[in-house]
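Q: sequence isn't available, so here's the structure alone:
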């Protein structure tokens, strides 16, 4: 029963507060580390999914290849500035036609030609 007095003295002097504070800090650090590990795992999963996806055929105007006709003309509607301030920053926009002329993105596989790697015919 002698240990009971030591625990009571430790309780009265605030020793348990120090222990509780250390435990609370350790649990908070553990939680933050778990959240970081979950975020890293999510980013890794998204990177793997993006790596397995084929490249999107995107024009220099940032529109998809499907928005262009056979001549390379873009048919997407964009915002065209119509009024500017004294610093030449646009103030108002109107809907207009995208004026890019040619698709400059990655070539689809059906249009790629690769020569033989060896000299054999």
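A: Now that the structure is in, tell me what you want to look at. Quick caveat: nothing in here was measured; it's all calculated off a predicted structure.

Q: quick one, longest helix in this structure?
A: Using DSSP state H, we find that the single longest helix of the chain is helix 15-52.

Q: and it, how far from the chain's centre?
A: Centroid displacement of helix 15-52 relative to its chain, using CA atoms, centre = their mean, to the nearest Å, is 20 Å.

Q: which residues touch stretch 85-102?
A: Here stretch 85-102 makes contact (CB atoms under 8 Å, 6 or more residues apart in numbering) with 59-61, 63, 67, 72-84. For every residue, glycine as well, the C-beta is placed using N, CA and C.

Q: next, the buried residues of that stretch.
A: By 16 or more other CB atoms under 10 Å, the buried positions in stretch 85-102 come out as 98, 100.

Q: and it, how far out from the chain middle?
A: For stretch 85-102, the distance to the chain centre is 28 Å (CA atoms, centre = their mean).

Q: repeat for stretch 44-55
A: Between the centre of stretch 44-55 and the centre of its chain there are 11 Å (CA atoms, centre = their mean).

Q: I'd like the average pLDDT over it.
A: For stretch 44-55, the mean pLDDT works out to 86.

Q: buried set for it?
A: Going through stretch 44-55 with 16+ other CB under 10 Å, nothing comes out buried.

Q: same deal with stretch 54-64?
A: 59, 61, 63.

Q: quick one: end-to-end length of that stretch, please.
A: Start-to-end span of stretch 54-64 (CA to CA, to the nearest Å) is 14 Å.

Q: likewise stretch 58-67?
A: End-to-end span of stretch 58-67 (CA to CA): 9 Å.

Q: hang on, the earlier thing: of the contacts of stretch 85-102, grab the buried ones for PyMOL.
A: In PyMOL syntax, the buried subset of the contacts of stretch 85-102 is picked out as below (16+ other CB under 10 Å):
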select buried, resi 59+61+63+67+74+78
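
Q: give me the subset of the contacts of stretch 85-102 lying in strands.
A: When DSSP state E is applied, these are split such that 77, 78, 79, 80, 81, 82, 83, 84 fall in strands.
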